[in-house]
Structures are given as C-alpha cells and as structure tokens.
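Peer 1: Coordinates for the following, if possible.
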Amino acid sequence: MQSNFDTSLELLEIVRQKQLYPKLLKQIKKDFDLANVPISISEDIYPEELKSTIHEKIYYLIMEKFQDYLNLLYVVDISEKEVKKIPPSDVLEISAEVSFLLLKREWQKVWFKAKYSS
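Peer 2: Predicted coordinates:
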C-alpha cells in the first residue's frame, strides 16, 4: 500500500486508479454517520469536490462543534500524535491538514479490506 502521499488529490487519484473510489466514499459516509456528523457526498462526486467538502466540514466542526470534531477523529481513528504534529496556524490550514489525515486513514481502511477480504 502506498501511503506517502503529498496531497489529498494525489491520494484520491491513486484510489481512483485502484478502482476503490466508491468504497472510499462508502467508508467516509459510514464513519461520518457513526460519529453522528451529517455529510452530503454523492456517489459521482469528483475528487476535488470530495476534498473540498471534507475540508469545509472539518473547518465547520472545529469552529462550531468542537466536541463533534473530536468524536469524528475518534471514530475515524486518527492518531492524536498525528494531529499534534500539525503546526499551529490558522484554522483553515489546520482543517486542511486534518482532512488529509482523515482521507489517508479512510484509504488505509479501504485498502486493507480490499486486500484481505475474499
């Protein structure tokens, strides 16, 4: 599994090449639902739009519903250590970095399921 991505779009392009993009969308929806954080993602959403939607949602959660943000990080299983590595800056940049961490973790889940399921 490739895991050394530089950007969210690079990650999403690899996911599309491996034909796991629909499964990634399902996993993202599932985890957001489990965290009780509604997100609107259609099955035909483009990677740029997906990245943007997640970024906006994370930004909103940090600014308006911080407890829901923390719950989402827990449900998705994003390492606290990784979040703490994000340099302190403005919320827009932090939310972009957290969005990238979220996409990487969701991709990891999808990749493992695809590789090890029969």
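Peer 1: Tell me the pLDDT of residue 115.
Peer 2: Looking at residue 115, its pLDDT is 89.
Peer 1: Just the buried positions in the helix or strand hosting it, please.
Peer 2: Here residue 115 sits within helix 91-116, counting by DSSP states H and E. Buried residues in helix 91-116, counted by 16 or more other C-beta atoms under 10 Å: 94-107, 109-111. No exception for glycine: its C-beta is placed from N, CA and C like everyone else's.
Peer 1: the helices in the chain, which residues?
Peer 2: 8-17, 21-34, 47-64, 66-76, 80-84, 91-116 (DSSP state H).
Peer 1: Report the rounded mean pLDDT for the shortest one.
Peer 2: Meaning helix 80-84. 91.
Peer 1: what does the second one give?
Peer 2: When the per-residue pLDDT values of helix 21-34 are averaged, the result is 96.
Peer 1: Packing partners of that helix?
Peer 2: Helices and strands touching helix 21-34, by 3 or more C-beta pairs under 8 Å, 6 or more residues apart in numbering; DSSP states H and E, are helix 8-17, helix 47-64, helix 66-76, helix 91-116.
Peer 1: And for the fifth one?
Peer 2: With contacts defined as 3+ C-beta pairs under 8 Å, 6+ apart, helix 80-84 has these neighbours: helix 91-116.
Peer 1: Which elements pack onto the helix it packs on?
Peer 2: helix 8-17, helix 21-34, helix 47-64, helix 66-76, helix 80-84.
Peer 1: Nearest to residue 90, out of the ones you listed?
Peer 2: helix 47-64 (10.3 Å; C-beta to C-beta).
Peer 1: Pull out the buried residues from that closest one.
Peer 2: Buried positions in helix 47-64, judged by neighbour count with 16+ other C-beta under 10 Å: 47, 50-51, 53-55, 57-59, 61-62.
Peer 1: low-confidence ranges in this protein?
Peer 2: For the chain, applying pLDDT under 70 flags the ranges 1-3, 118.
Peer 1: picking up where we left off before, can you lay out the helices and strands packed on helix 21-34 as CSV showing distance to residue 39?
Peer 2: Output for the helices and strands packed on helix 21-34, formatted as CSV (distance: least, C-beta to C-beta, whole Å):
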stretch, distance to residue 39
helix 8-17, 15
helix 47-64, 5
helix 66-76, 10
helix 91-116, 11
